[in-house]
Structures are given as C-alpha cells and as structure tokens.
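[1] quick one: sequence plus predicted model below, questions after.
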Amino acid sequence: MNFLITGGTGFIGSALCAHLCQQRHHIVVKTRYPESLGLEMTGVTSLSEVSPDQRFDVVINLAGEPIANKRWSAVQKQKIVDSRLDTTEEIIAFLKNAKTKPAVLISGSAIGYYGTGATDAVIDEFGAGDDSFSSTLCAKWEASALAAEVLGIRTCLLRIGIVLGCGGGALQKMIPPFRLGLGGRIGTGTQWMSWIHLHDLIAIIDYCISDNSVHGPINCTAPQPVSNQDFTKALGKCLKRPAVLPVPSLAIKALMGEMGTELLLAGKQVRPVKLEAAGFKFKYKELGAALTSVL
C-alpha cells in the first residue's frame, strides 16, 4: 500500500516506518530531515511537494514537538500546540485537494486528553477532559484531525499512553538514575501509569488500517495499568537495582513546574476498552514482561 506519514523520524514513527518497510509498503514521509531517511522511503519537507494525483491508501499523523523535552514556558507551550495543529491542518488541506482520498487517517493524540483530576475510576474512550494544558492540547489536535471525516475519510484518534520501547520514550530518561541506584517513586507513587509496549502500539496501528469498523478515539494502553510505585518497583527489579529513593512532589514542581505536575504527578487508570471489546490481542499485557522485553 501507499502511506503518507508525518513524524516518521520520531521514536514511534521510526519504528512504524521500519515495520512498514519490512512489509514492502511504499512510504512518503514529511519530515524536516529527509536526508535521514533510508533509501526505501521518500522524504518531503512540505506536502506541497506531493502531487494531488498521488494516491495514498493510508495517512498517519504523528508529528509534534516532544512534550517533555523542555520546561513549559509560554513560548514552549505554543510551540507544542502549533507543531501539532499546523501539521494536521496541512494534512487536511492536502486531503481536500487529493484526487483520490485515502481509506483512513490515523492521527496521534494522548491519554493526557483525560486531564489531571485524581481518580481511581477506570477511564474508557468516553472519559471527559478538563482545562489542563495536556487535555486542551489533545482536544484541539483531535478536533483538527476529525475534519477528515467531512471528506468521507475514516478517522482514528490514537490516545497513546506511556510507550515502552528501545531507543527512546520515557524509559530512556528513567533508566540512568535507576542504574545508579537512585530510582524510586515520584511523589506519593499512587498516581496511575497507563503504559503500552511499542510492539503493541504498532500492532494497534495495523489493526486500525485493516479493520474498517474502527474509528474515533482509541485508548492505546495495555490492559493492566499500574501505580507509579508499582512501576518503579518493577523497573528496579528488572534492572536488579534498588528503587527506594522517592522524588518529593515539591522537588518535581520546583524543577519542572506545570510540566512535572501534569506528566509525572498526575495519572489516570486508562484502559483499552474499545480494543478489548473488538477482540484485539495484546502481546504484552503485564508490565514485567514488557520491561524485560525492552531491557
């Protein structure tokens, strides 16, 4: 099939592109760094370089400024928003002019959509958001992507949890202090961590491509979310290191501000209710097996 992908050089996107290349699909990647792509893919810096006559079966939108790389100043927050909305709006404009519409648009989002309010309730795809930055960001991003439905294009919104995989993501930042024996729970440790193995995330994308009945928001999380305290214990056990040095909430707030409060001190029990009801099979349901696979 013919794929158009944004964000194809990021942590998730690069793994996805490698997977699709193995299946001999044809891939066009919109990226700021086309020279970094392998010979089996075509890189463009703007969709204006792509002819409206070119047919794509699937469009996958994963582009966006990393949300956890820098403290959230007003400038950085605007950059995070613009990087997602501008790219999505560029895709919608391209699709409006495309002579042949793709069968599906798969667009990124995150479980940050559900906000930061403390609760132990199970969150499914009908869960509501709030006025936090993460929630409003995801809501705007999803609304922009849903413009594809007006064009008759099936649209899937991937509300992605904490992705566990090699070479990037949350684990890349967590492992160094744990290897030094400096790991431990964050804050109270009671906040939920709704995670997913990178292998299963790519399998979900495959599922969205092949099953024409799948559409709308999809919780991309493993069936067994854990508390932060249980997550750090499992990581310490996997690395054969102690996980007994907690990071106080006050330290997180002082060092990271709003970003630390929303991304590290808040968390909800998000479950893949729609996927499980549809019969999707996860390879990694249990955290210990997922960590062992990655590490």
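    Structure received.
[2] ok, the nearest residue to residue 11 once chain neighbours are set aside to residue 69 distance?
    If the residues on either side of it in the chain are set aside, residue 11 comes closest to residue 168, at 3.4 Å by Cβ to Cβ, 6 or more residues apart in numbering. For the C-beta atoms, the positions are set from N, CA and C on the backbone; glycine is no exception. Using Cβ to Cβ, to the nearest Å, residue 168 is found at 12 Å from residue 69.
[3] same deal with residue 223?
    On the measure of Cβ to Cβ, residue 223 and residue 69 end up 29 Å apart.
[4] which one's more surrounded, the two?
    residue 223 (16 against 10; other Cβ atoms under 10 Å).
[5] about what we covered before: and the residue nearest to residue 11, what pLDDT?
    Per-residue confidence (pLDDT) for residue 168: 88.
[6] try residue 118
    Note on residue 118: pLDDT of 79.
[7] ditto for residue 184
    pLDDT, residue 184: 94.
[8] then residue 152?
    For residue 152, the predicted pLDDT is 97.
[9] please apply the same query to the one 5 residues further on.
    The confidence metric pLDDT takes the value 98 at residue 157.
[10] just checking: what are the partner strands of whichever strand or helix holds it?
    Here residue 157, judged by DSSP states H and E, is contained in strand 154-160. Using DSSP bridges, strand 154-160 pairs in its sheet with strand 104-110 (parallel), strand 216-220 (parallel).
[11] and the residue lying closest to residue 21 once chain neighbours are set aside, how many neighbours?
    Excluding the flanking residues, the one nearest residue 21 by Cβ to Cβ, 6+ apart is residue 40, at 5.0 Å. Close neighbours of residue 40, defined as other Cβ under 10 Å, add up to 14.
[12] burial measure for the residue nearest to residue 11, as a count.
    Residue 168 sits with 16 neighbouring residues when counted by other Cβ under 10 Å.
[13] please apply the same query to residue 250.
    Neighbour count for residue 250, taken as other Cβ under 10 Å: 9.
[14] now residue 114
    Neighbour tally, residue 114, other Cβ under 10 Å: 27.
[15] cool, and residue 283?
    Neighbour count for residue 283, taken as other Cβ under 10 Å: 12.
[16] on the three-state scheme, it is what?
    Under DSSP: H, G, I helix; E, B strand; the rest coil, the three-state class of residue 283 is coil.
[17] gap between it and residue 114?
    Where residue 114 is concerned, residue 283 sits at a distance of 25 Å (Cβ to Cβ).
[18] the helix or strand of the chain with the lowest mean pLDDT: how far from the chain's middle?
    Within the chain, no helix or strand scores below helix 169-179, which has a mean of 91 by mean pLDDT, DSSP states H and E. Distance, stretch centre to chain centre, for helix 169-179: 18 Å (Cα atoms, centre = their mean, to the nearest Å).
[19] no further queries at this time; thank you.
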